[in-house]
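> Model the following, please.
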Amino acid sequence: MSSLDHIGVVGGGAWGTALACLARRAGRQVTLWSRDPAIADAIAREQANPVYLPGLVLEAGIEAASNLGALGSCDALLLVCPAQAVRTVVRDLPGSGPVVICAKGIEAASGLLMPEVLGEVLPGRPFAMLSGPSFAEEAVLGLPTAVSVATADAATGRDLARSLAAGAFRPYWTDDVTGVALGGAVKNVLAIAAGIVEGRGLGHNAAAALITRGFAEMARLGLAMGASLETLTGLSGLGDLVLTCHGPLSRNRSLGAALGKGTALGRHMEGRRQVVEGEATAPAVVARAARLGIEMPICAAVDAILHRGAALDEAIRALLARPLRREGE
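Residues are numbered from 1 along each chain as shown. Model (predicted):
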């Protein structure tokens with residue numbers, strides 16, 4: 001039996017709720033924290049999250065609270081808050097067990113990956129990174145889902161995988177923390193680009209080329225940062241990229257599609273509670289790549305469209321006018 005028998009979930013959004021269901025399904029005691037008391041109450045009393053997973057029945061027995069202190073006795077914490085909130089949230093985390101980062105992004109203010117942020121705020125605390133192609137709704141419904149769990153300590157990785165594996169949910173462990181963290185961040189930016197291709201009606205050929213050349217950008221940056229190509233071509237890299245660029249539940253792809261059809265960014269985001277991580281990650285990933293001398297023209301185009309007033313058609317023309325080169329460069 002796993003030594004991680006009491007799992008805490010930090011965040012009551014769609015993916016946090018799904019992970020709570022999966023851990024409960026795996027036979028663990030589960031306590032979920034939500035900043036919103038109404039969500040915590042609905043999960044605990046009604047087996048429902050009407051805000052983020054409307055219409056779905058959750059696993060019975062999930063404890064929920066709006067006080068972080070309720071997680072103090074947990075053996076491990078799954079950190080499932082938005083990437084830009086990680087630094088603030090982890091300052092108040094109770095306990096000393098491993099923190100499993102499930103946020104996908106790069107901190108806008110510092111340009112740091114999520115494990116780097118955690119290392120600054122909680123130096124010495126054991127941690128892991130969980131990422132992969134995973135829509136929350138499908139995971140709750142018990143549809144097959146596979147993710148990567150990255151941690152420097154193989155024993156902790158195996159223990160976490162065993163603690164969360166249940167039915168059709170399959171975690172695979174690796175020691176490539178950088179690769180798993182980077183893949184989950186960059187794919188969100190590329191998914192916005194894929195959505196723009198769709199919304200602009202540029203066709204299936206363009207969509208396939210976008211994913212392929214986008215992955216080349218992810219790989220260039222990942223290798224420069226010390227990630228493994230095996231990881232980047234795995235679940236948390238290429239796997240998540242394909243899902244997020246094509247899946248109808250992808251918020252990043254949906255934002256891009258709206259932009260491609262001429263909807264303004266602010267108008268698309270009006271009234272939405274769920275974060276589109278690629279919006280904040282785009283300038284951060286471009287800046288980090290620039291410091292390493294890595295070209296990421298698709299990500300740079302997304303940043304220019306979102307934050308620098310670039311016209312869509314002009315940005316697309318600029319990409320198509322880039323000098324021809326050998327594939328792989």
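> Distance of Glu63 relative to Arg24?
To Arg24, Glu63 is 10 Å away according to C-beta to C-beta, to the nearest Å. No exception for glycine: its C-beta is placed from N, CA and C like everyone else's.
> what residues are shared contacts of these two?
Common contact partners of Glu63 and Arg24 (C-beta atoms under 8 Å, 6 or more residues apart in numbering): Val30.
> residue ranges with poor pLDDT in this protein?
For the chain, applying pLDDT under 70 flags the ranges 1-2.
> quick check: domain ranges of the protein?
6-175, 178-320 (automatic domain parsing).
> Can you lay out the ones you listed as a markdown table showing mean neighbour count?
Compiled in a markdown table, the domains of the chain are given as follows (neighbours: other C-beta atoms under 10 Å):
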| stretch | mean neighbour count |
| --- | --- |
| domain 6-175 | 20 |
| domain 178-320 | 20 |
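> Can you check which of the ones you listed gets nearest to Arg326?
domain 178-320 (11.6 Å; C-beta to C-beta).
> The closest one spans what distance, first to last residue?
Start-to-end span of domain 178-320 (C-alpha to C-alpha, to the nearest Å) is 31 Å.
> Likewise for stretch 266-282?
Stretch 266-282: ends 16 Å apart by C-alpha to C-alpha.
> go on, stretch 228-244?
End-to-end span of stretch 228-244 (C-alpha to C-alpha): 21 Å.
> That one: how far from the chain's middle?
12 Å (C-alpha atoms, centre = their mean, to the nearest Å).
> For Tyr172, pull up the helix or strand it's in.
Following DSSP states H and E, one finds Tyr172 within strand 169-174.
> what sits up against that strand?
Contacts for strand 169-174 (C-beta under 8 Å, 6+ apart): 22, 25-26, 130, 139, 144-151, 154, 157-158, 160-161, 164-165, 180, 231, 234-235.
> before we move on, back to that, I'd like the domains of the chain laid out as TSV, including distance to Glu329.
Below are those laid out as TSV (distance: least, C-beta to C-beta, whole Å):
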stretch	distance to Glu329
domain 6-175	24
domain 178-320	8
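> And these: which comes nearest Glu327?
Closest approach to Glu327 among the domains of the chain is made by domain 178-320 (8.3 Å; C-beta to C-beta).
> Any idea how far stretch 243-254 is from the middle of the chain?
That offset, for stretch 243-254, works out to 12 Å (C-alpha atoms, centre = their mean).
> Same question for stretch 108-118.
That offset, for stretch 108-118, works out to 14 Å (C-alpha atoms, centre = their mean).
> tell me how far the ends of it are from each other?
15 Å.
> which residues sit against that stretch?
For stretch 108-118, using C-beta under 8 Å, 6+ apart, the contacting residues are 79, 83-84, 86-87, 90, 99, 101, 103-107, 120, 125, 127, 129, 177-178, 181-182, 185, 280-281, 283-284, 287-288, 291.
> and if you look at stretch 12-21?
Residues contacting stretch 12-21 (C-beta under 8 Å, 6+ apart): 7, 9-10, 30, 32-36, 39-40, 43, 49, 52-53, 58-59, 62, 64, 78, 80-81, 102, 134, 136-137, 139-140, 164, 274.
> Following element in sequence after the strand or helix carrying Ala23, please.
According to DSSP H and E, Ala23 maps onto helix 14-25. Next along the chain after helix 14-25, taking DSSP H and E as the criterion, comes strand 29-33.
> could you give the angle of that following strand to helix 14-25?
160 degrees (axes from the mean of the first three to the mean of the last three C-alpha atoms, to 10 degrees).
> and the gap between Ala40 and Asn67?
Distance from Ala40 to Asn67, by C-beta to C-beta: 9 Å.
> any residues in contact with both of those two?
By C-beta under 8 Å, 6+ apart, the residues touching both Ala40 and Asn67 are Trp33.
> Now do the strands in the stretch 101-250 of the chain.
All strands of the stretch 101-250 of the chain, identified by DSSP state E, counting those that start in this stretch, fall at 127-131, 145-150, 169-174.
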